[in-house]
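Student: starting from these lines, generate the structure:
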Amino acid sequence: MFYDIEDWIDVRQGASSFSESDRKQIEQFMDQIKEARSRCERYELLSQVPTSDPEVVFAESNETAGCGSLWKNTVLVGIDGAKSELLNHLKDQQKELKVVSILGAGGHGKTTLAKEICGDIYIKEQFECQAFVSIGLTTSTRTTLIKILSQVKPEADAWQSTWSCNEIITEIWGFLRTKRYFICIDGMQNTQDSEFILCALPDNNLESRILTTTHTKEIAVSCSSRPNDIVYEMAGLKETDSKNLFCNIIFVDEEEWPDNFKESSKKVLEVCAGVPMAIIIAAGLLAKTPARLSVQSEKLNRIILSEFDQYYSESQAMRKILGISYGDLPLPLKSCLLYLAAFSGNHDIKKDRLIRRWVAEGLVPETHGRSLWEIGERYFDELISRRLIQPAFDDNDDKPIGCIVHSVVFDFIESLSTEENFISAGAELMSGLVPCDRVRRVSLEYDDEGDEDDTLILSSYCLLEQKSLVASSSEVSLCVDEEEGISLHLSRVRCLEFSGDFGRIPDLSAFKHIRVLDLQDTKCLDNKQFEGIGRLSLLRYLGLRGTHVTQLPQQIMELQQLSTLDLSRTSVRRLPPFKETKLLSLLADELAILPRQMKGMRNLEELSKVTVGDNGLLADEVASFVKDVRSLRMLGVRFGHSNHQNKTDRQGVKHFLEEASKSNLQSLLLDNYLHPLLDLLTGPWANNLRKFELRMHSCLPQVPREIASLIGLTHLHINVEVVEAQTVRALGSLPKLVLLKLE
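Tutor: Have a look, this model is predicted:
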């Protein structure tokens with residue numbers, strides 16, 4: 001109802017008067033509101049709505065430990081016996097290829113066990129070629145084969161984009177034929193997958209080994225079909241291990257437990273039935289201090305002890321605990337969690353991309369004294385703290401750069417999202433199982449990597465071409481069942497995420513209510529297809545990362561509501577002319593912005609990376625921008641090679657650094673920084689920065705001694721010819737350094 005009202009208001013913007021039909025529409029809305037309120041009063045729903053501020057959930061901040069460290073410090077329990085047994089199977093002297101399959105229901109720790117085995121010193125030292133590949137629900141066989149090939153033979157990357165499944169299988173088989181290899185396939189989805197993948201892995205009589213994980217017995221038996229193959233079935237944790245895992249996560253010593261919690265915790269562990277993921281999420285529901293533990297204990301006694309007197313199967317208990325954890329979230333955080341259904345399972349979700357989309361969708365409420373980005377970060381950290389998502393790390397930062405959603409949690413989120421008509425996946429639209437005729441958010445994944453034999457293709461081609469899509473300026477409808485007259489209205493879509501061949505979707509200008517358009521890594525997207533995007537007047541988020549776009553039409557920069565424009569990993573180097581914009585985030589690899597354009601971006605919070613020198617801005621001009629735009633919290637600058645040629649250049653860089661030190665910047669990236677300018681970075685000027693990243697791409701004879709004076713430096717990427725003792729001493733003297741890339 002709210003969406004319908006807001007859509008109507010958006011369409012009516014700029015109207016000078018109300019017509020008779022407008023008055024009738026308003027009366028209909030009023031009737032709907034009265035009916036909704038009456039229904040809520042009748043079922044006493046209003047008394048159940050939390051009255052507390054959503055900030056209360058963050059009363060006990062985890063900033064001292066860091067949400068990432070909460071997960072990193074979790075101790076693995078009950079895994080040693082299973083790991084030892086499986087390693088013994090993998091270590092035997094059998095010359096023939098051997099397949100070991102790990103079988104277990106979701107949440108039993110199959111992936112964790114497989115990763116522990118892959119990280120064992122025996123595996124790393126004894127096998128010439130190794131690969132670990134996870135398969136998602138929508139991952140095609142060809143994509144899986146490419147992942148294997150890219151790990152065992154990285155140099156094949158340049159060719160594989162045009163290969164068929166058979167060609168990739170031939171390449172893998174030929175390459176591994178003379179090598180002892182260890183391949184782990186995590187999350188086998190069906191027997192056809194296993195047949196395709198296993199036929200690419202040769203039995204070369206070199207003691208090669210394959211490890212698979214699956215939740216289906218039929219698939220496990222299919223993979224391990226040879227007489228000496230093994231199917232290992234996961235068992236639940238023993239009582240002692242369950243309690244140790246539970247205690248490790250809540251971070252409260254048992255002697256500090258309130259009396260009422262000791263009894264309820266026993267019942268919780270009984271319900272969890274030794275399933276590690278159930279224990280982790282149940283413990284994540286609880287606070288990290290004894291005071292809050294007492295409050296949560298009463299809640300557990302009310303909910304769990306009353307509802308779990310009956311017997312529940314493992315899967316039922318898992319879903320029930322997830323339901324309790326979800327129900328405990330503040331209302332805005334529930335929406336943010338459901339939003340994860342827009343991303344495919346078993347894939348890393350980038351944190352910055354997720355938060356920017358949360359903000360663009362209006363899911364993050366404004367809170368006095370904090371920016372929307374700060375609240376979004378707290379929401380992200382809270383979901384990690386509650387163990388509903390797992391932090392993802394890479395070698396570019398010490399903090400989580402994204403998250404992974406466990407398949408069990410993802411299934412739960414996806415189910416709730418479908419019930420609430422929150423996000424609709426392409427598969428739902430094709431099946432006609434959408435609970436409402438009006439779709440609000442759509443996630444389409446077109447995998448055109450498969451060949452004619454590939455049966456795992458979820459294509460927008462089927463969705464948007466084979467099922468009679470009608471696109472017009474007023475309405476976009478998808479006919480699902482012509483005989484029964486079922487159709488879906490797509491023109492009310494607020495968020496469209498698409499990956500695949502851009503030619504498969506209709507004229508985007510018909511999606512007049514769209515707020516978020518994420519086309520990251522979309523293929524066949526060229527400059528001509530932007531005309532429709534330029535007419536989306538309500539667009540707030542435009543994600544073009546990883547596309548082949550080389551330039552933007554002027555209409556896009558004139559979109560009045562656009563707050564995020566992501567041009568990273570594109571060839572866009574210049575923006576079209578514009579006067580003023582509401583952009584909060586402008587992201588690119590190397591952007592040459594004109595000084596007059598800088599004056600039109602007074603709301604920016606993120607700008608990365610803007611070019612200084614070599615036909616880009618002057619350092620003085622960036623200094624002036626940093627001084628004037630007090631909202632700027634993140635800035636990335638890429639230096640041209642002309643910034644050290646004369647005194648004027650040096651003075652400009654010095655002026656820029658001085659203004660940066662006095663600004664509200666939290667993060668500063670200096671990319672392609674030059675050795676002759678290092679002396680300008682010395683002193684305490686960067687101490688107010690949370691993140692100060694320095695990248696020096698030119699190869700230096702050795703690490704300069706001036707590095708030791710950069711006491712505010714947190715991240716350093718540097719290329720040198722020689723590492724000497726003084727290099728180690730210089731780097732060791734940096735008090736804030738958390739990440740070093742030394743090549």
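Student: C-alpha from now on. contacts and neighbour counts both.
Tutor: Noted.
Student: centroid residue for the protein?
Tutor: Ile349 (1.1 Å; CA atoms, centre = their mean).
Student: can you name the residues bridging to that residue?
Tutor: Cys403 (DSSP bridges).
Student: mind listing what it touches?
Tutor: The contact partners of Ile349, by CA atoms under 8 Å, 6 or more residues apart in numbering, come to 343, 402-404.
Student: and it, how far from Pro400?
Tutor: 11 Å (CA to CA, to the nearest Å).
Student: can you show me the strands along the stretch 101-250 of the chain?
Tutor: If DSSP state E, counting those that start in this stretch is used as the criterion, the strands of the stretch 101-250 of the chain fall at 129-134, 181-186, 209-214, 230-233.
Student: and the ones you listed, which is most packed in?
Tutor: Most buried of the strands of the stretch 101-250 of the chain by mean neighbour count (mean count of other CA atoms under 10 Å) is strand 209-214; its value is a mean of 25.
Student: tilt between that one and strand 181-186?
Tutor: Here the directions of strand 209-214 and strand 181-186 differ by 0 degrees (axes from the mean of the first three to the mean of the last three CA atoms, to 10 degrees).
Student: elements contacting strand 209-214?
Tutor: In this structure, strand 209-214 packs against strand 98-103, helix 110-118, strand 181-186, helix 217-223, with contacts taken as 3 or more CA pairs under 8 Å, 6 or more residues apart in numbering; DSSP states H and E.
Student: paired strands for it, with orientation please.
Tutor: Applying DSSP bridges to the sheet, strand 209-214 is found paired with strand 98-103 (parallel), strand 181-186 (parallel).
Student: mind putting the ones you listed in CSV, mean pLDDT included?
Tutor: Output for the strands paired with strand 209-214, formatted as CSV (pLDDT from 0 to 100):
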stretch, mean pLDDT
strand 98-103, 95
strand 181-186, 95
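Student: can you lay out the ones you listed as a markdown table showing distance to Leu665?
Tutor: Shown next, in a markdown table, are the strands paired with strand 209-214 (distance: least, CA to CA, whole Å):
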| stretch | distance to Leu665 |
| --- | --- |
| strand 98-103 | 49 |
| strand 181-186 | 42 |
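Student: tell me which of these sits nearest to Glu155.
Tutor: Among the strands paired with strand 209-214, the nearest to Glu155 by CA to CA is strand 181-186 (17.3 Å).
Student: which residues sit against the closest one?
Tutor: So strand 181-186 is contacted by 111, 114, 118, 123, 127-135, 208-214 (CA under 8 Å, 6+ apart).
Student: with just CA atoms, put it into CSV.
Tutor: Taking Å, rounded to 0.1, in the frame of the first residue of the first chain, the C-alpha atoms of strand 181-186 are listed here in CSV:
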residue,chain,number,x,y,z
TYR,A,181,46.1,-33.4,-8.3
PHE,A,182,43.7,-32.7,-5.5
ILE,A,183,40.3,-31.1,-6.4
CYS,A,184,37.6,-30.1,-3.9
ILE,A,185,34.1,-29.5,-5.3
ASP,A,186,31.9,-27.9,-2.6
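Student: quick one, that strand and strand 129-134 angle?
Tutor: Using the same axes, to 10 degrees: strand 181-186 against strand 129-134 is 0 degrees.
Student: now the angle from strand 181-186 to helix 110-118?
Tutor: 160 degrees.
Student: how about the strands paired with strand 209-214, which one is nearest Ala510?
Tutor: Among the strands paired with strand 209-214, the nearest to Ala510 by CA to CA is strand 181-186 (40.9 Å).
Student: per-residue pLDDT of the closest residue to Asp397 other than its chain neighbours, please?
Tutor: Of all residues beyond its chain neighbours, the one nearest Asp397 is Leu739 (6.5 Å), with distances taken as CA to CA, 6 or more residues apart in numbering. Note for Leu739: predicted pLDDT of 93.
Student: quick check: beta-bridge partners of Leu739?
Tutor: His715.
Student: isn't it right up against His715?
Tutor: Yes: Leu739 is in contact with His715 according to CA atoms under 8 Å; the separation is 4.9 Å.
Student: who touches both of those two?
Tutor: Common neighbours of Leu739 and His715 (CA under 8 Å, 6+ apart) are Asp397.
Student: higher neighbour count, these two?
Tutor: His715 (20 against 16; other CA atoms under 10 Å).
Student: tell me the contacts of the more buried one?
Tutor: His715 neighbours (CA under 8 Å, 6+ apart): 397, 691-694, 737-740.
Student: could I get these as TSV with distance to Met30?
Tutor: Compiled in TSV, the contacts of His715 are given as follows (distance: CA to CA, whole Å):
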residue	distance to Met30
Asp397	51
Lys691	51
Phe692	53
Glu693	54
Leu694	58
Leu737	59
Val738	57
Leu739	57
Leu740	60
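Student: which single one of the residues you listed is nearest to Glu366?
Tutor: Nearest to Glu366 among these is Lys691, at 25.1 Å by CA to CA.
Student: state the distance from that closest one to Leu444.
Tutor: 36 Å.
Student: could you check the pLDDT of the nearest residue to Glu721 once chain neighbours are set aside?
Tutor: Spatial nearest neighbour of Glu721, chain neighbours left out: Pro701 (5.0 Å); criterion: CA to CA, 6+ apart. Predicted confidence (pLDDT) for Pro701: 89.
Student: report how many residues lie close to Pro701.
Tutor: 11.
Student: got the contact list for it?
Tutor: Per CA under 8 Å, 6+ apart, neighbours of Pro701: 720-722.
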